[in-house]
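K.L.:
kindly return the folded structure for what I paste below:
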Amino acid sequence: MLPSSAPLLGLLSLLAVGAAGAGSAAGARRPGLPGPLLGWAGASAAGLMLGVGYAVLSAGLERAPTAAALASAAGVATLHLVAGLRARRSGGAVDAPSAGGALVATAVHSAAEGIAIGGAMALGAPFGVLLAATLTLHNVSEGALLGAALRADGRTPGSAAAAATLARTPQVAAALAAFTLVAWRPEALPWVLGAGFGGLVYLVFAELLPESYQAIGRTGLALAVIAAAAIVALLGGSARAAAP
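P.N.:
Okay, here's the model as predicted:
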């Protein structure tokens, strides 16, 4: 039954990648988007990602609490290790990353999202479609942030869109890999869901929230994140209830 949803998963993943490219093209336009607008975009992206993470983790904990918790910790630890390696390669310049560094970060970011989408689709098509659609919206906001970084590096909107789209391709591969793993070994589902949650939450707190805080302050950040996360969490709970 599960493999029959693979084409839908691939299509949704590609749409999410395309949304990131469109957002990057908008962010790379001159004279550029206002800083506060980018801050709100980042905050809404963080809220959407937290909502997705909550829905994914809840589904994993319902099936195997220990496995989901361990996988979550492993997801956080893995991305923290990757971030440390990137920081050492760039000489510790994490406050002002280069355009190339931003693209690498996007590739890592998209892989974590792909794991979450793949696990959600393996849990059930309604759940997977909802979370994929949510991350598609998220990618527009996040793409705008990446586009702004690429514009500062001299990229045109078309070049920024192409670079962002290419950097997002790991999302498709990770989604299909996670989905295939669960189809082959159903007992891996809570591990996949937990790993997806760990990756998403780490990226929210390590990347999206600090950047948004500088642009819109803590009050605006809190309002945007809470509103977006609450909406996704509520919708995710309804979609998960419809899953087999």
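K.L.:
from the contact counts, what lies against the one helix or strand residue 19 maps to?
P.N.:
Per DSSP states H and E, residue 19 falls inside helix 6-27. Under the contact definition 3 or more C-beta pairs under 8 Å, 6 or more residues apart in numbering; DSSP states H and E, helix 6-27 sits against helix 99-123, helix 125-152, helix 157-167, helix 169-184. (Each C-beta comes from the backbone N, C-alpha and C, glycine too.)
K.L.:
which residues touch the residue nearest the centre of the chain?
P.N.:
Most central in the chain under C-alpha atoms, centre = their mean is residue 113, positioned 4.0 Å from the mean C-alpha point. With contact taken as C-beta atoms under 8 Å, 6 or more residues apart in numbering, residue 113 is in contact with 16, 49, 135, 138, 171, 174, 196, 199, 200.
K.L.:
how much space between it and residue 135?
P.N.:
Distance, residue 113 to residue 135, using C-beta to C-beta, to the nearest Å: 5 Å.
K.L.:
which neighbours do those two have in common?
P.N.:
Here residue 113 and residue 135 share the contacting residues 16, 49, scored by C-beta under 8 Å, 6+ apart.
K.L.:
show me where pLDDT drops low in the chain?
P.N.:
1-4, 32-35, 87, 89-100, 215-216, 220-221, 223-224, 227-228, 230-244 (pLDDT under 70).
K.L.:
if we go to 80?
P.N.:
Scanning the chain for pLDDT under 80 picks out the ranges 1-4, 30-43, 45-46, 48-49, 83-105, 109, 145, 152-153, 207-244.
K.L.:
thinking again about what came up before, quick check: the residue nearest to the centre of the chain vs residue 13, distance?
P.N.:
Using C-beta to C-beta, residue 113 is found at 9 Å from residue 13.
K.L.:
might one say that residue 138 is in contact with residue 45?
P.N.:
Yes - shown here, residue 138 and residue 45 form a contact pair, counting by C-beta atoms under 8 Å, at 4.8 Å.
K.L.:
those two: which is more packed in?
P.N.:
With neighbours defined as other C-beta atoms under 10 Å, residue 138 and residue 45 compare such that residue 45 has more, 31 against 28.
K.L.:
name the nearest residue to the more buried one, ignoring sequence neighbours.
P.N.:
Leaving aside its chain neighbours, residue 45 sits nearest to residue 141 (3.9 Å; criterion: C-beta to C-beta, 6 or more residues apart in numbering).
K.L.:
distance of that neighbour relative to residue 190?
P.N.:
29 Å.
K.L.:
residue 16 now?
P.N.:
Residue 16 is 23 Å from residue 190, by C-beta to C-beta.
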